[in-house]
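The following block contains a protein sequence and its predicted model.
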Amino acid sequence: MTTRIYLTLIAALISFSALAQQDASSSQYVMNMLIVNPAYAGYKEQPVLTLNHRNQWVGFKGAPMTSTLSFDTPLPKDEMALGGTLRFDQIGPTSTMSFYSDFSYRFKMTNRSYMSFGLKGGFDLYQNNLVDLDLISELQGQQDQYFQENQKGLLLPNVGFGALFYDRKSFFGVSIPRILRNHLDKKGSEAWTLMEGAQEPTLYLMAGKMWKIDRNYQFQPTVSVRAMQNAPVSVGAYANLYIHHALRLGVFYHFNEVAGAIVQYEYERRWKFGYSVDVAASKLIRTNFGSHELMVSYVLTNKRKRIVYPRYF
């Protein structure tokens, strides 16, 4: 009975971890909001390809690792744009391969401001490798039957939406990238009674404003809020300094979660390279060597000869 209680607790933790990580965290998503907000598609008025990789809690066994490839481009009619995201996310014995496509429609609010609405649709391919766990019962060395079968290739379709208001110096966005509450196991199976994990909708709020210091320096504070059912609300604040429109230096803090720094460099207005590091703002800092994230984006050639104003986010 004691062993069964321990195994049940472990399974519950696995389920909670998968739940908490279903929308993988990123320190640089403010600079590529397509990950969480489909209304961002086409914002930069050029076709952009972005690759992002994050190792979270380096040195902590089973810690999350996420790789994301995204692309978005405006259509010939500037009012519409398309995008897509391919992501691989792994945490402990669980892994998820995700593919989502995005569509956005935008229109002018004034001569210098726009409103964009976006739709997101796709699927997650979820796998739970419970057999990989080394769990030996104290009772005659037996293993629990609930951990003798993997959950392979569970297809989880989903949809989402977002809205984004922006002008030359500020933006405000709201989105729910996944609306459907898919269960992470087949109903009626033995694992269903043990885990009962599910995808939960996550609400994102983001806002920021650019302040011009002089010709070569701009300061941009941004805030982000992430909320989901049965989890603490995450509130983050970013402070970014732009130097000569090419170098960006920033620091950020998510209250009672993490603190970190970001550096990004733009080369010839086509390449952008970024690196961020953050550490836990709690006792968790003693268990790992922080989280590290790399980002590179490339603006593909297109026929647009000029951008009306710089794109800062």
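Structure's in. What do you need? Residues are numbered from 1 along each chain as shown.

Confirm that Ala237 sits in a strand.
Yes - using DSSP: H, G, I helix; E, B strand; the rest coil, the assignment for Ala237 is a strand.

Thought Gly208 was touching it, still the case?
No - Ala237 lies out of contact with Gly208 (CB atoms under 8 Å); the separation is 10.4 Å. Placement of C-beta: from N, CA and C, glycine included.

Please enumerate the shared neighbours of those two.
Pro221, Thr222, Val223 (CB atoms under 8 Å, 6 or more residues apart in numbering).

Give me the distance between the second one and Phe171.
Which is Thr222. Distance, Thr222 to Phe171, by CB to CB, to the nearest Å: 8 Å.

Same check on the last one?
Counting by CB to CB, the separation of Val223 from Phe171 is 11 Å.

Now do the shared contacts for these two.
By CB under 8 Å, 6+ apart, the residues touching both Val223 and Phe171 are Met206, Ala207, Gly208.

what's the distance between the residue nearest to the last one when sequence neighbours are not counted and Ala207?
Using CB to CB, 6 or more residues apart in numbering and skipping residues adjacent in sequence, the residue nearest Gly208 is Thr222, 3.3 Å away. Counting by CB to CB, the gap from Thr222 to Ala207 is 7 Å.

ditto for Ala198
Ala198 is 30 Å from Ala207, by CB to CB.

Does Lys108 touch Tyr114 like I think?
Yes - if you go by CB under 8 Å, Lys108 and Tyr114 touch, sitting 5.9 Å apart.

Now for Pro47: which residues touch it?
Here Pro47 is in contact with Phe71, Asp72, Thr73, Pro74, Val299, Leu300, Asn302 (CB under 8 Å, 6+ apart).

Quick check: phi and psi at it.
Torsion angles at Pro47 (phi, psi; degrees, to the nearest 10) stand at phi -70, psi 120.

mind checking pLDDT for it?
On pLDDT, Pro47 comes in at 93.

And the closest residue to it other than its chain neighbours, how far from Leu180?
The shortest distance from Pro47 to any non-neighbouring residue, by CB to CB, 6+ apart, is to Thr73 (3.6 Å). Counting by CB to CB, the separation of Thr73 from Leu180 is 27 Å.

Looking at these two, which is more packed in?
Neighbour count, other CB atoms under 10 Å: between Thr73 and Leu180, Thr73 has more, with 18 against 12.

so which strand or helix has the more buried one?
Of the helices and strands defined by DSSP states H and E, Thr73 is found in strand 65-74.
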